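Novice: next one to model:
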Amino acid sequence: MECFISGALGGLCGECNEDADCPAGGCTPPNPLDATPAVCNVGAVGDGCETDLVCAMGLECGEIVNIPGIVTASTCGECDDNADCTPGDSCQPDYDLTQFTGVLECTADGSLANGHGCTLDADGDAACSSGFCEDADLMGLLTLGVCSECASDADCGPGTCNPPELDVVLGLIPGECV
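Specialist: Numbering: from 1, shown residues only. Now for the predicted structure:
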């Protein structure tokens, strides 16, 4: 058993606290939302990692969630940045907030539905079918991009734009015109 330190939350006993503790793969960090301990993995898609070396062949280790001073979660996925994708595709997140994880995937422009995760940059806007990747905040600790119907009231005609939200139970909630 190892003690995985999660910043201000303290430590949690588990199988590992770094990739070196896992002979066949990497270390999946604990879930600070439900006290699930850190576990060793085999480097498959979505498995925790610190470097590409523990990911299966063809997969990259990429940061999926970062709450400064608390925990950072990186997982094995298709990409770590846009350079890992074919031209016309960008590296976009697919979050699983209930498990405090996710995976980075190469995504074609315009292919992400509202409510899907996206990077908070021009590539995220382009990946969303709506053209809007907007920031959603969780108690000032975590900000993630969410494909949304609108970015401001000006995008809603006579209505208003409700901003996107992050919910640890419901996941990503897209911004929408009301």
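Novice: the residue of the chain positioned farthest from its centre and residue 148: what is the separation?
Specialist: If you look at how far each residue of the chain sits from its centre, by CA atoms, centre = their mean, the farthest one is residue 158, at 33.6 Å. Distance, residue 158 to residue 148, using CB to CB, to the nearest Å: 18 Å. All C-beta spots, glycine's among them, are computed from the backbone N, C-alpha and C.
Novice: cool, and residue 141?
Specialist: 20 Å.
Novice: what is residue 90 paired to in the beta sheet?
Specialist: On the basis of DSSP bridges, residue 90 takes part in beta bridges with residue 107.
Novice: what about the nearest residue to residue 114 once chain neighbours are set aside, how many neighbours?
Specialist: Leaving aside its sequence neighbours, residue 114 sits nearest to residue 174 (CB to CB, 6 or more residues apart in numbering; 4.0 Å). By other CB atoms under 10 Å, 22 other residues sit near residue 174.
Novice: cool, residue 113 as well?
Specialist: 10.
Novice: wait, it touches residue 146, no?
Specialist: No. Assessed by CB atoms under 8 Å, residue 113 is found out of contact with residue 146, at 10.8 Å.
Novice: quick check, central residue of this structure?
Specialist: Ranked by distance to the mean C-alpha position of the chain (CA atoms, centre = their mean), the top residue is residue 64 at 3.5 Å.
Novice: and stretch 156-173, what's buried?
Specialist: 156, 161-164, 166, 172-173 (16 or more other CB atoms under 10 Å).
Novice: mind picking the two most distant members of these?
Specialist: 156 and 166 (21.3 Å; CB to CB).
Novice: check what pLDDT the nearest residue to the residue nearest to the centre of the chain once chain neighbours are set aside gets.
Specialist: Nearest residue to residue 64, sequence neighbours excluded (CB to CB, 6+ apart): residue 102, at 4.4 Å. On pLDDT, residue 102 comes in at 93.
Novice: what helices or strands is the helix or strand hosting residue 102 leaning on?
Specialist: Taking DSSP states H and E as the definition, one finds residue 102 inside strand 101-108. Applying 3 or more CB pairs under 8 Å, 6 or more residues apart in numbering; DSSP states H and E, we find strand 101-108 packed against strand 60-67, strand 71-77, strand 89-96.
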